[in-house]
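Asker: what would the 3D arrangement of this be:
(one chain, ligands or ions: 1)
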Amino acid sequence: MQHQHKPRVIIVGAGFAGIFAARELAGGPCDVLIIDRNNAHTFLPLLYQVATAAVESEHIAAPVRGIIRALGRRAANLDFLMAEVKNVDFDARLFLAQGQDGDILSLPYDYLLLAPGSVTNTFGVPGADQYAFSLKNLEEAVRLRNHILRSFEAAAWTRDPSTRLNHLCFIVVGGGPTGVELAGAMAELMTGALRRDFPRLGLSRPCVTLLEAGDGLLPGFPDSLRAYAQKKLQRMGVEVRLKAQVSRVFPKGVELKDGTVFHAATTVWTAGVKGEPVAARLGLPQAPNGQVLALPTLQSRDYPEVFLAGDICRAEYQGRPLPMFGPPAIQEGRHAAANILRLIRRQDPQPFRYFDKGMMATIGKRAAVAKLGPLHLKGLPAWLLWLAVHLTYLIGFRNRLFVLANWAVDYFLSERVVRLITRQNPQE
Ligand SMILES: Cc1cc2nc3c(=O)[nH]c(=O)nc-3n(C[C@H](O)[C@H](O)[C@H](O)COP(=O)(O)OP(=O)(O)OC[C@H]3O[C@@H](n4cnc5c(N)ncnc54)[C@H](O)[C@@H]3O)c2cc1C
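Answerer: Next up is the predicted model:
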């Protein structure tokens with residue numbers, strides 16, 4: 001491609017993929033515009049800790065402009081626009097975005113990197129969208145925290161024992177890392193800070209049920225770690241139900257395919273994700289789970305100047321699609337940016353190679369599982385590793401400091417620092 005001007009790159013999404021791509025392009029021979037509907041990058045792996053009152057929402061997010069500023073002078077070619085994607089004219093290379101004043105901005109680009117992430121997938125289960133909580137962004141995490149705390153306040157003044165129990169019971173649908181982490185954190189919240197805040201409720205054990213459709217928790221982890229996670233959760237008082245396929249969610253509980261009914265005032269759906277629907281609106285070829293099909297170079301199949309990275313990108317490695325996790329998003333973001341630089345320098349783009357750093361999930365205090373190549377860790381070593389990795393990838397020194405302080409309070413005092421019910425809108 002011949003450029004009369006400095007090539008313009010638009011990155012959609014300031015998540016893991018978008019931010020790591022922007023860092024790669026900082027100081028490069030191009031002007032880069034990062035577009036996101038929010039003005040901050042959110043560290044999604046700690047959302048469940050916001051929902052369970054362990055950390056404050058602003059401590060797991062960092063303003064995009066602050067991230068750019070922290071890169072120093074070499075980031076002079078980066079800019080940010082807070083806007084919603086409206087449309088893309090791929091033939092004219094025009095990006096249409098709706099800014100904060102409602103106006104549609106028409107932005108020409110030479111290269112486009114789409115990294116808008118994913119949304120919750122409820123697989124069309126009746127009632128799931130209406131009645132189950134989802135955990136994909138900060139607003140949802142705060143809404144869930146408000147609901148949990150409000151349910152306890154309601155239970156404290158409810159005379160009818162079965163209604164009271166209903167207020168105190170929680171169902172988590174999906175036994176992947178997010179479901180396991182949330183169920184464990186809920187159990188610790190109920191038997192720690194909330195038990196002490198509500199002494200008259202006489203909570204002796206948590207009422208948390210984890211429902212998983214498969215025959216074990218944490219699919220993809222080695223069997224020994226899966227078994228450890230299940231046993232540990234059960235010891236913490238979580239009821240783990242396997243082969244439990246939810247067929248319906250209703251306002252006060254769920255029904256399984258085999259007709260079993262569980263009652264709870266709170267159901268959280270963590271059973272699946274799919275590509276952000278913006279991809280379907282743009283008409284790019286998709287996999288059944290809403291991800292956009294990409295070439296090995298992470299270019300779109302139809303437009304060589306359009307790249308994909310992160311949860312939205314269906315990239316395969318060793319014949320299998322990569323999971324929608326942080327490490328693939330970071331590596332894809334960096335690789336897509338490097339390929340954009342190659343095209344600008346009139347070099348051929350290179351195929352993406354995934355470096356598998358392993359996977360980990362925490363269950364509770366001093367309990368986690370980690371698979372690092374042939375090394376399988378559980379218990380305290382895995383938990384310490386989990387803490388270190390999450391602190392490393394959390395953006396911003398201040399955020400790391402506050403999160404560490406909150407973890408210390410939780411660890412030594414079993415205290416959850418953010419037990420506030422905040423109003424997000426007047427209806428709540
Ligand atoms: C609760 C939870 C826990 C998780 N835990 C882990 C974990 O422990 N380990 C792990 O590896 N992975 C974990 N993940 C997955 C990991 O967070 C994702 O794989 C990763 O964030 C994907 O990065 P991304 O850049 O593709 O998308 P995201 O990080 O989701 O970022 C996408 C960005 O695009 C923006 N955007 C979307 N649509 C539009 C639009 N139409 N217009 C403008 N902007 C838009 C969004 O606002 C967002 O900022 C977890 C995810 C969740 C939800």
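
Asker: only C-alpha atoms from now on, for both contacts and neighbour counts.
Answerer: OK.

Asker: now do the strands in the stretch 101-250 of the chain.
Answerer: 104-108, 111-114, 118-120, 133-134, 169-173, 207-211, 238-241, 246-250 (DSSP state E, counting those that start in this stretch).

Asker: nope, the stretch 251-400 of the chain is what I meant
Answerer: Under DSSP E, counting those that start in this stretch, the stretch 251-400 of the chain gives strands at 253-256, 261-263, 266-269, 273-275, 292-293, 306-308, 313-314, 316-317, 320-321, 359-364, 367-372, 375-378.

Asker: before we move on, back to that, quick one: the strands of the stretch 101-250 of the chain as TSV, columns for mean neighbour count too.
Answerer: Formatted as TSV, the strands of the stretch 101-250 of the chain follow (neighbours: other CA atoms under 10 Å):
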stretch	mean neighbour count
strand 104-108	16
strand 111-114	27
strand 118-120	19
strand 133-134	20
strand 169-173	25
strand 207-211	24
strand 238-241	21
strand 246-250	19
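
Asker: for these, which one sits closest to the ligand?
Answerer: Ranking these by their distance to the ligand (criterion: CA to the nearest ligand atom) puts strand 118-120 first, at 5.7 Å.

Asker: pull up the pairing partners for the closest one, direction included.
Answerer: strand 273-275 (antiparallel) (DSSP bridges).

Asker: let me know whether the partner strand sits next to the ligand.
Answerer: No - contact of strand 273-275 with the ligand (CA under 6 Å from any ligand atom) is absent, the minimum separation being 8.3 Å.

Asker: any idea how far that strand is from the chain center?
Answerer: Average the C-alpha atoms of strand 273-275, do the same for its chain, and the two points are 11 Å apart (CA atoms, centre = their mean, to the nearest Å).

Asker: contacts for it?
Answerer: Applying CA atoms under 8 Å, 6 or more residues apart in numbering, the external contacts of strand 273-275 come out as 117-122, 289-292, 311-313.

Asker: before we move on, the earlier item: want to throw the strands of the stretch 101-250 of the chain into CSV with distance to the ligand and mean pLDDT?
Answerer: Formatted as CSV, the strands of the stretch 101-250 of the chain follow (distance: least, CA to the nearest ligand atom, whole Å; pLDDT from 0 to 100):
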stretch, distance to the ligand, mean pLDDT
strand 104-108, 13, 96
strand 111-114, 9, 98
strand 118-120, 6, 97
strand 133-134, 9, 97
strand 169-173, 12, 97
strand 207-211, 15, 97
strand 238-241, 19, 98
strand 246-250, 20, 98
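
Asker: next, format those strands as CSV and append distance to residue 336.
Answerer: As requested, these are exported to CSV (distance: least, CA to CA, whole Å):
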stretch, distance to residue 336
strand 104-108, 19
strand 111-114, 8
strand 118-120, 18
strand 133-134, 30
strand 169-173, 34
strand 207-211, 37
strand 238-241, 40
strand 246-250, 38
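
Asker: do you know which of those strands lies nearest residue 403?
Answerer: strand 133-134 (22.7 Å; CA to CA).

Asker: in its sheet, what does that closest one sit against?
Answerer: strand 266-269 (parallel).

Asker: what does the partner strand contact?
Answerer: Residues contacting strand 266-269 (CA under 8 Å, 6+ apart): 122, 128, 131-135, 147-148, 167, 169-174, 252-254.

Asker: try 10 Å this time
Answerer: Outside strand 266-269, the residues within contact range by CA atoms under 10 Å, 6 or more residues apart in numbering are 120-122, 128-129, 131-135, 144, 147-148, 151, 166-174, 178-179, 182-183, 208-211, 249-254.

Asker: quick one: the residue nearest the centre of the chain from residue 364, how far?
Answerer: The centroid of the chain falls nearest to residue 44 when counting by CA atoms, centre = their mean (3.7 Å). The spacing between residue 44 and residue 364, counted by CA to CA, to the nearest Å, is 18 Å.

Asker: what of residue 383?
Answerer: 8 Å.

Asker: what do you get for residue 228?
Answerer: For residue 228, the distance to residue 364 - CA to CA - is 12 Å.

Asker: which neighbours do the two share?
Answerer: What both residue 228 and residue 364 touch, as defined by CA under 10 Å, 6+ apart, is the set residue 379.

Asker: name the residues of stretch 127-138 that are buried.
Answerer: Using 16 or more other CA atoms under 10 Å as the test for burial, stretch 127-138 gives 128, 129, 131, 132, 133, 134, 135, 136, 138.

Asker: which residue ranges make up each domain of the chain?
Answerer: The chain resolves into domains spanning 8-120+274-344, 122-271 when parsed by automatic domain parsing.

Asker: next, the distance between the ends of the last one.
Answerer: Counting by CA to CA, you get 7 Å between the two ends of domain 122-271.
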